[in-house]
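1. quick one, what's the 3D model for this:
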Amino acid sequence: MEETRGAKYGRNLAIWVNYTIQTLPEEKRESYQNRLIKELRKYSLKPRKKGEPRNSGCAFELENIDKCNIKNPEDLARLLKEGIHLMYQKQTAEKVLKSLLDNL
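-> Sure thing, here's the model as predicted:
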């Protein structure tokens with residue numbers, strides 16, 4: 001089966017994230033990756049139709065972050081989730097997230 005556009009994007013996001021993790025001191029890498037994945041798994045794929053009230057799928061991930069601290073895995077995960085939230089289709093968002101997690 002051919003890799004979808006969303007899966008390819010997620011796989012390449014994982015390359016970037018894995019590179020970021022490799023720049024950390026070796027003793028911090030596993031903890032960082034575990035915290036990052038834990039935060040990414042909080043992503044809600046619950047769709048919202050036009051006119052419906054906000055739900056768990058309508059999170060503004062960067063709302064309380066003025067400047068993303070890449071050394072903080074929760075900040076990086078929230079930045080990644082915000083990018084996924086901005087995708088129009090939840091099915092595509094799900095493919096990106098799954099591919100990202102599979103490749104971390």
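2. from here on, just use CA atoms for contacts and neighbour counts.
-> Fine.
3. mind telling me what element the nearest residue to residue 73 once chain neighbours are set aside is part of?
-> Once flanking residues are discounted, residue 73 sits nearest to residue 36: 4.8 Å by Cα to Cα, 6 or more residues apart in numbering. Element membership of residue 36, judged by DSSP states H and E, is helix 26-40.
4. ok, residue 3 next?
-> Residue 3 belongs to no helix or strand, assigned by DSSP H and E.
5. residue 12 versus that one, what's the distance?
-> 12 Å (Cα to Cα, to the nearest Å).
6. with neighbour numbers in mind, choose between the two.
-> For residue 3 versus residue 12, neighbours defined as other Cα atoms under 10 Å are more numerous around residue 12 (16 against 10).
7. which element is residue 80 on?
-> helix 73-85.
8. just the angle for that helix relative to helix 26-40, thanks.
-> Angle, helix 73-85 to helix 26-40, by axes from the mean of the first three to the mean of the last three Cα atoms, to 10 degrees: 40 degrees.
9. and helix 73-85, average pLDDT?
-> The pLDDT scores in helix 73-85 average 91.
10. so how many other residues sit close to residue 64?
-> 8.
11. that one in helix, strand or coil?
-> Three-state call for residue 64 (DSSP: H, G, I helix; E, B strand; the rest coil): coil.
12. distance of it from residue 33?
-> 22 Å.
13. for residue 43, grab phi and psi.
-> phi -60, psi 130 (degrees, to the nearest 10).
14. measure how buried the residue nearest to it when sequence neighbours are not counted is and give me the count.
-> Counting by Cα to Cα, 6+ apart, residue 81 is the residue found nearest to residue 43 once chain neighbours are left out, at 6.7 Å. Residues lying near residue 81 (other Cα under 10 Å) number 23.
15. do the one 5 residues further on as well
-> Residue 86 has 12 neighbouring residues, counting by other Cα under 10 Å.
16. and residue 68, by the same measure?
-> 14.
17. dump the residue contacts of it.
-> 75, 76, 79 (Cα atoms under 8 Å, 6 or more residues apart in numbering).
18. same check on residue 95?
-> 4, 6, 7, 10.
19. residues of the helix or strand where it lies that come out buried?
-> Taking DSSP H and E as the criterion, residue 95 maps to helix 90-102. The neighbour-count check on helix 90-102 (16 or more other Cα atoms under 10 Å) flags 90, 92, 93, 94, 95, 96, 97, 98, 99, 100, 101 as buried.
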